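Participant: Sequence plus predicted model, see below.
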Amino acid sequence: MSEKKPLSDDEIETVLHEMMRQIVSLRAETEIGQEALRTALVGPYGALMRMERRKSGSTDQDAP
């Protein structure tokens, strides 16, 4: 069984951006589906924002 190497922060950012691009490219037939897609964006977007805050030295208490 091959072991996957850990990803660097830059690679993780790239993966998260790609996830967001994939979600944004989707179109839902219903408002429920569209809401689900918007909700799905929250995860990768939140992860990216948290990474940026941590890199800049901010803490979660500093977030608005």
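Facilitator: Structure's in. What do you need?
Participant: residues contacting the most centrally placed residue in the chain?
Facilitator: Closest to where the C-alpha atoms of the chain average out (C-alpha atoms, centre = their mean) is residue 44, at 1.2 Å. With contact taken as C-beta atoms under 8 Å, 6 or more residues apart in numbering, residue 44 is in contact with 16-17, 19-20, 23. Backbone N, C-alpha and C define where each C-beta goes, glycine included.
Participant: now do 6 Å
Facilitator: By C-beta atoms under 6 Å, 6 or more residues apart in numbering, residue 44 lies in contact with 16, 19-20.
Participant: Can you get me a residue count around residue 51?
Facilitator: Residues lying near residue 51 (other C-beta atoms under 10 Å) number 14.
Participant: Tell me the spacing between it and residue 37.
Facilitator: 22 Å (C-beta to C-beta, to the nearest Å).
Participant: All the helices of the protein, residue numbers only.
Facilitator: 9-24, 31-55 (DSSP state H).
Participant: which regions of the protein sit below the pLDDT cut-off?
Facilitator: For the chain, the stretches flagged by pLDDT under 70 are 1-2, 59-64.
Participant: ok, of the contacts of residue 44, which one's closest to residue 58?
Facilitator: residue 16 (18.3 Å; C-beta to C-beta).
Participant: so what's the closest one up against?
Facilitator: 44, 47-48.
Participant: Apply 10 Å and report the result again.
Facilitator: 43-48, 51 (C-beta atoms under 10 Å, 6 or more residues apart in numbering).
Participant: Residue 45 too?
Facilitator: In this structure, residue 45 makes contact with 16-17, 19-20, 23, judged by C-beta under 10 Å, 6+ apart.
Participant: Could you identify the buried members of the residues you listed?
Facilitator: Those of the contacts of residue 45 that meet the buried threshold are 16, 19-20, 23, by 16 or more other C-beta atoms under 10 Å.
Participant: circling back to that earlier point, looking at the contacts of residue 44, which is nearest residue 55?
Facilitator: Nearest to residue 55 among these, counting by C-beta to C-beta, is residue 16 at 13.7 Å.
Participant: which one is that closest one nearest to, not counting chain neighbours?
Facilitator: Distance criterion C-beta to C-beta, 6 or more residues apart in numbering; nearest residue to residue 16, sequence neighbours excluded, is residue 44 at 4.4 Å.
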